[in-house]
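A.B. asks: Coordinates for the following, if possible.
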Amino acid sequence: MPVAAAITFTWLGMVLAISFLEAPLKFRVPGVTLPLGLAIGRVVFAALNRVEVLFALTLAGCLVFGPRTTTAVVLGAAAVVVLLVQLLAVRPALTRRSDRVLAGETGPRSRAHLGYVGLEVLKVAALLAFGIVSL
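C.D. replies: Residues are numbered from 1 along each chain as shown. Below is the predicted model:
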């Protein structure tokens, strides 16, 4: 499953770089306001999520048409399910919140953000384990 491993480790690297490095660091740059940081984040995460969907589809194809183990199927499915939950359940709430901030509203931080981060941690674990199993 070398193709699946390559896709998985590329996906993992992108998630680590964007979610755990770029996302928090952009708010430390002088002059980056919350609305500007959110606007940048929306563009960056929209691009990341499009690539993640392509990786997930390719990974699913590898699992359907290539050699696989039960462990690989479970771990690959876990990463894909986490991505789907992020995209279908959490991202809409984050988008609504960022829409309000960009419109000038203030309010408490969104708990959806913590949920997204927690799901990112689970996705990283699933991708790392799947990548190792795929080797």
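A.B. asks: use CA for all of it now, contacts and neighbours both
C.D. replies: OK.
A.B. asks: tell me the contacts of residue 6?
C.D. replies: By Cα atoms under 8 Å, 6 or more residues apart in numbering, residue 6 lies in contact with residue 131.
A.B. asks: From residue 91, how far out is it?
C.D. replies: 27 Å (Cα to Cα, to the nearest Å).
A.B. asks: go on, residue 47?
C.D. replies: 13 Å.
A.B. asks: more crowded one of those two?
C.D. replies: For residue 47 versus residue 91, the count of surrounding residues by other Cα atoms under 10 Å is larger for residue 91: 20 against 11.
A.B. asks: I'd like to know how far residue 125 sits from residue 94.
C.D. replies: 23 Å.
A.B. asks: and what of residue 106?
C.D. replies: Separation of residue 106 from residue 94 (Cα to Cα): 14 Å.
A.B. asks: Can you pick out the residue with more neighbours from these two?
C.D. replies: Using other Cα under 10 Å as the criterion, residue 106 and residue 94 rank with residue 94 on top: 19 against 10.
A.B. asks: Retrieve the pLDDT associated with the more buried one.
C.D. replies: Residue 94 is assigned 92 on the pLDDT scale.
A.B. asks: wouldn't it be in contact with residue 112 here?
C.D. replies: Yes: in terms of Cα atoms under 8 Å, residue 94 counts as a neighbour of residue 112; the distance is 6.3 Å.
A.B. asks: I'd like to know which elements the longest helix along the chain is packed against.
C.D. replies: Ranked by number of residues, the top helix in the chain under DSSP state H is helix 34-65. Where contact means 3 or more Cα pairs under 8 Å, 6 or more residues apart in numbering; DSSP states H and E, helix 34-65 is packed against helix 2-17, helix 70-85, helix 91-102.
A.B. asks: mind redoing it with 6 Å?
C.D. replies: Contacts defined by 3 or more Cα pairs under 6 Å, 6 or more residues apart in numbering; DSSP states H and E place helix 34-65 against no helix or strand at all.
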